[in-house]
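[1] Need the 3D shape of this:
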Amino acid sequence: MTAIENPIAPLPSMEKDAPIRKPPIRLLLLPAGTLIGLLLVCALVVLRMSVGERNAEWTGWSLRAYTQLASARNIGIIVDTIWMALLSALITTLVAFPIALFLTRTTSAFARRLVLIAILLPMIISLLVQSFGWMAILGPNGLLNQAISAVTGTERPFSLLFNRTGVMLGLVQTSIPLAVLPAAAALRSIPLSLEEAANVLGANRIRTYRHIILPLAWPGMAAGAILVFGFNTGAFVVPLLLGGLKVTTIAVVIRDQMGSLSNWPLGAALSVLLILLALAVQSLNRLIVRTNVEIKR
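    Numbering: from 1, shown residues only. Coordinates of the predicted model:
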């Protein structure tokens, strides 16, 4: 009896699937690698200029720019910049916590989206536009003074422009998203059952937030504060427009040294200082994230 071929046997072309060609990993890493390479080249160029001589940045070698950083004026500017960045990070973190708490606890989707849009606006709108808005509000004849004058009858009761107060308001407002989003992510990971258990055990709202919510949300709040500090150490537009000539930061000095004064080595040395501050901030942020992961494990 002859064997009968199976009518449903697979065709020869279907017995083995054709291999799927995947793109090389190197091609996927090319855009990010190109960007990182450009940033590295720029950093090396700044470093080279910082050890050059004035008007001979590419041919001479000198550490004079770094010795000029030790002058009383430059040390005062560096300390003021770091202090304003620290203070703005603290204020921003305190302001961002209740906003982040509202985002994670509200049951209204419309309110959550509205607050989220308001938070993300500073990241969408140009810093130049935001600074001009603050100038219209804080100026001698600005909206704030006009409103206070209409109530009290006093002409120009406050001077909030071209001083540290105006700069601090601008720094806090423009960096709020950097503090709200990490804090909201940390608060979202805290289950509501912990608060309910604390209430059942007799803890009031203050003790619940002090002993449960704040310790668990601390890594996110600290990460946001570090991001704000790193962002505000290099702030340029806000101190320039809201501080005028009375508030000077490192970024403003870099503009002056590399612009009208043509002292490129000193400006490059200050830029290297900002790069080192940014690297230190990122290292601290990574340390906090790593500690948070180990605690969760």
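[2] Count the neighbours of Trp182 for me.
    Heads up, residue 182 is Pro, not Trp. Using other CB atoms under 10 Å, Pro182 is surrounded by 27 other residues. Yep, even glycine has a C-beta here, placed from its N, CA and C like the rest.
[3] er, Leu138 I mean
    22.
[4] cool, and the one 10 residues further on?
    The tally of other residues near Ile148 (other CB under 10 Å) stands at 15.
[5] In a strand, it, correct?
    No. Under the criterion used here (DSSP: H, G, I helix; E, B strand; the rest coil), Ile148 is helix, not part of a strand.
[6] which ones are touching Val289?
    By CB atoms under 8 Å, 6 or more residues apart in numbering, Val289 lies in contact with Pro219, Ala223.
[7] how much space between it and Asn163?
    For Val289, the distance to Asn163 (CB to CB, to the nearest Å) stands at 36 Å.
[8] just Leu86 next, same as before
    18 Å.
[9] next one: Gly224
    For Gly224 relative to Asn163 (CB to CB), the value is 26 Å.
[10] now Ala109
    41 Å.
[11] related to what we said a few turns ago, who has more neighbours out of Gly224 and Asn163?
    More crowded of Gly224 and Asn163, by other CB under 10 Å: Gly224, with 29 against 15.
[12] Which residues does the helix or strand in which the more buried one is found contact?
    Gly224 belongs to helix 214-233 when elements are defined using DSSP states H and E. Helix 214-233 is contacted from outside by 81-82, 84-86, 88-90, 92-93, 96-97, 171, 175, 178-187, 189-190, 194, 250, 274, 277-278, 281-282, 284-285, 288-289, 291-292, 295, using CB under 8 Å, 6+ apart.
[13] The same query, at a cut-off of 6 Å, please.
    Defining contact as CB atoms under 6 Å, 6 or more residues apart in numbering, one finds that helix 214-233 is touched by 85, 88-89, 92-93, 171, 175, 178-179, 182-183, 185-187, 190, 277-278, 281, 284-285, 288, 292.
[14] for the record, mean pLDDT for whichever helix or strand comes after that helix?
    Following the chain from helix 214-233 toward its C-terminal end, the next helix or strand by DSSP H and E is helix 237-243. Helix 237-243 shows a mean pLDDT of 91 in the predicted model.
[15] now helix 237-243, how far from the centre of its chain.
    How far helix 237-243 lies from its chain's middle: 17 Å, per CA atoms, centre = their mean, to the nearest Å.
[16] just checking, what packs against whichever helix or strand comes after it?
    Next helix or strand after helix 237-243 toward the C-terminus (DSSP H and E): helix 250-258. Contact partners of helix 250-258 among helices and strands, from 3 or more CB pairs under 6 Å, 6 or more residues apart in numbering; DSSP states H and E: helix 264-296.
[17] can you give me the strands for the stretch 51-200 of the chain?
    Assigned by DSSP state E, counting those that start in this stretch, the stretch 51-200 of the chain shows no strands.
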